[in-house]
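Visitor: Structure of the sequence below:
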Amino acid sequence: NNNNIHDNNNIHSSNNIHNNNNIHSSNNIHNSNNIHDNNNTHNTIDIYISAAAISDYTVDKPSKNKIKSTNDTLQLTLVKNIDILSYVGHLDTKYRPKLVVGFAAETDNHLVHAKHKIKKKNADVLLLNHVDDTSIGFNSDYNEILFITNDNSSPTIIPKDLKSNIAHTIAIKLHTILN
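Guide: Just a heads-up that it's a prediction; the model follows:
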């Protein structure tokens, strides 16, 4: 019974990660293009979990120099980033992970938006966060998750608990689906 995760295909952001002695990884990611490039190199993944909150958009032409504050306004052109969850979900079955899992952060029409997202991105599981509840989620050690599968079965509530306990529950549920 090994409590450590050691996988050279564990790809994560280098931003805002707390030290965890149980997770060892070889890949640090800075933007969606890095994730896209790393995903292209791995084709034997059992479970892909897209938990990163990558921006939907990025600046079209980033300045190489400091932008002086000479004007009262600044106009930026944004372009859509690669949608990594959708990309992985739509991979040919030869390369697609056995289980594709994504997260959704919704403020209204939670279930409607989540069900649309799971189909659009061809994910197998979507974990819905209610970001309008300030007692859970962002800036809290607690969360509550709605566990949604793409087989049209009823969503399951993982009730409010410490995030570490919720992560354990999610891992058990994903293991059950995979096996």
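
Visitor: Which stretches in the chain count as strands?
Guide: Applying DSSP state E to the chain gives strands spanning 5-6, 11-13, 23-24, 27-29, 47-50, 57-59, 78-80, 99-106, 125-130, 142-149, 156-162.

Visitor: For the last one, list every residue counted as buried.
Guide: Going by neighbour count (16 or more other C-beta atoms under 10 Å), the buried part of strand 156-162 is 158, 161. Backbone N, C-alpha and C define where each C-beta goes, glycine included.

Visitor: Which strands or helices does it pack on?
Guide: Counting contacts by 3 or more C-beta pairs under 8 Å, 6 or more residues apart in numbering; DSSP states H and E, strand 156-162 packs against strand 142-149, helix 163-178.

Visitor: Return the distance of it from the chain's centre.
Guide: 18 Å (C-alpha atoms, centre = their mean, to the nearest Å).

Visitor: hmm, which helix or strand of this structure has the shakiest average pLDDT?
Guide: strand 5-6 (a mean of 41; mean pLDDT, DSSP states H and E).

Visitor: Which residue is the nearest non-sequential neighbour of the residue nearest to the spatial centre of the chain?
Guide: Compute the mean C-alpha point of the chain, and by C-alpha atoms, centre = their mean the closest residue is residue 51, 2.1 Å away. Spatial nearest neighbour of residue 51, chain neighbours left out: residue 103 (5.4 Å); criterion: C-beta to C-beta, 6 or more residues apart in numbering.
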